[in-house]
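**Q** Using only what follows, build the 3D model:
(one chain, ligands or ions: 1)
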Amino acid sequence: MSKYLITGGAGFIGGNFCHYMMNTYPKDKFVCLDALTYAGNKNTIKPLLEKPNFNFVQENICNREEIYKLFEKEKFDYVINFAAETHVDRSLKNPDIFLKTNIIGTQVLLDACRKYGIKRYHQVSTDEVYGDLTLDKPNLFFTEETPLHTSSPYSATKASADLLGLAYYRTFGVPVTISRCSNNYGPYQFPEKLIPLIIKKALANEPLPLYGSGNNVRDWLHVYDHCTAIDLIIHKGRDGEVYNIGGHNERTNLEVVKVILKELGKPESLISFVLDRAGHDLRYAINPDKIMKELGWKPKYTFETGIGPTIQWNLENQEWFEESNQ
Ligand SMILES: NC(=O)c1ccc[n+]([C@@H]2O[C@H](COP(=O)([O-])OP(=O)(O)OC[C@H]3O[C@@H](n4cnc5c(N)ncnc54)[C@H](O)[C@@H]3O)[C@@H](O)[C@H]2O)c1
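**A** Predicted structure coming up:
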């Protein structure tokens, strides 16, 4: 029996990971810790709250005293850190909270791992730490060796957390792994991010805001495939290693919006181009060869097979939408 701490487990990816892990390892024990910021929604993990091997703790990862108490009491084997401020636009308006949660919070967790001992600390990072690629070189991809070259306060804090993790591995021997995943979509995504936002606004026949000309390229991965990748890394990955996660599903934002409109039977005239985001990254594209060859990871979904069920989930879960405070 193993014991896991999942931080940020009431958020989009952390919540999906809680469901995935409870299904995959029903005999193990899980503590889900989340501060329940605007992005956290306890409804995401509602069916799990009644299970005897699942505990929810409302806490902030920056609260060193309470985090230490929890580690002392629970004696975790695995710590997976999803807790973060994640919305780039918010990081342009108020970087402070991003530094606190994404850097200081990560440091508190790493210190706790060092003090109390664990088998694995996994830092859930992002491909945004690599900055962006130009649009004219479609054969260029981010590898784990691509230099960190951040564009936004969000990505700068995520890169800082990665470097702290690697430093705690090298200097203190904390068994750290890091994953850098491309853009996720799937159930339980807060409707400030592109795909659920577009679905929500299209259903209400509202204008769909699209930055610039809509030509920015993102590499989309279904959240289920992110979960299977993290599962493999925490159990089979090597200490001190970074693993990129992505499924070669590059689409321009305009293409993504058109697919959603087609599925919903809504007109493209709803698209409304707005002033581009400051410092907007042009293209993200992941080379996932390392995790595929070393750990045998393979995504289950392509964008074509994943987007339909995601739209359907959003249609069937309007209540969850409304309860997510937006
Ligand atoms: N969404 C993506 O496309 C994507 C892609 C790659 C990597 N990531 C990374 O995956 C992780 C999860 O992303 P997400 O999209 O699920 O984010 P999210 O914003 O949906 O969820 C974040 C969760 O963290 C919680 N949280 C925030 N600050 C906290 C704090 N100080 N203490 C405890 N809990 C706190 C929130 O309440 C929320 O439940 C993040 O680290 C993000 O950088 C996201």
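**Q** Which one of the residues in this protein is closest to the ligand?
**A** Across the chain, the shortest distance to the ligand (C-beta to the nearest ligand atom) belongs to residue 11, at 2.1 Å. Yep, even glycine has a C-beta here, placed from its N, CA and C like the rest.
**Q** Could I get the pLDDT score of that residue?
**A** pLDDT, the model's per-residue confidence, is 98 for residue 11.
**Q** Could you double-check that it sits in contact with residue 34?
**A** Yes - using C-beta atoms under 8 Å, residue 11 is in contact with residue 34, at 6.9 Å.
**Q** Return every residue with contacts to both of those two.
**A** 40, 83 (C-beta atoms under 8 Å, 6 or more residues apart in numbering).
**Q** what comes up buried for stretch 61-70?
**A** Within stretch 61-70, the residues scored as buried using 16 or more other C-beta atoms under 10 Å are 61-62, 64, 67, 70.
**Q** Over to stretch 296-312?
**A** 297, 299, 301, 303, 306-307, 310-311.
**Q** does any part of the longest helix belonging to the chain sit near the ligand?
**A** Longest helix of the chain, by residue count under DSSP state H: helix 153-172. Yes - interface with the ligand: helix 153-172 contributes residue 158 (C-beta under 6 Å from any ligand atom).
**Q** For that helix, name the packing helices and strands.
**A** helix 88-93, helix 95-98, helix 106-116, strand 120-126, strand 176-181 (3 or more C-beta pairs under 8 Å, 6 or more residues apart in numbering; DSSP states H and E).
**Q** lowest-confidence helix or strand of this protein?
**A** helix 318-322 (a mean of 79; mean pLDDT, DSSP states H and E).
**Q** near the ligand, which residues of the stretch 101-250 of the chain show up?
**A** 101, 105, 124, 126, 158, 181, 183-184, 190.
**Q** Need the worst-confidence member of those residues.
**A** residue 190 (93).
**Q** How many neighbouring residues does residue 184 have?
**A** Neighbour count for residue 184, taken as other C-beta atoms under 10 Å: 21.
**Q** Please apply the same query to the one 10 residues further on.
**A** Residues within reach of residue 194, counting by other C-beta under 10 Å, total 21.
**Q** residues touching it, list them.
**A** 183, 218, 253, 256-257.
**Q** Does residue 92 touch residue 155 like I think?
**A** No - between residue 92 and residue 155 there is no contact under C-beta under 8 Å: 11.5 Å.
**Q** measure residue 85 to residue 62 for me?
**A** Per C-beta to C-beta, to the nearest Å, residue 85 is found 11 Å from residue 62.
**Q** Common neighbours of these two, please.
**A** Common neighbours of residue 85 and residue 62 are listed as residue 101 (criterion: C-beta under 8 Å, 6+ apart).
**Q** still on that earlier bit, for the least confident helix or strand of the chain, buried residues please.
**A** For helix 318-322, the neighbour count (16+ other C-beta under 10 Å) marks 320-321 as buried.
**Q** what's next to it, contact-wise?
**A** Under C-beta under 8 Å, 6+ apart, the answer for helix 318-322 is 41, 43-44, 188, 191, 196, 200, 314.
**Q** on that earlier part again, out of residue 92 and residue 155, which sits in the busier spot?
**A** The neighbour comparison of residue 92 against residue 155 (other C-beta under 10 Å) goes to residue 155, with 26 against 15.
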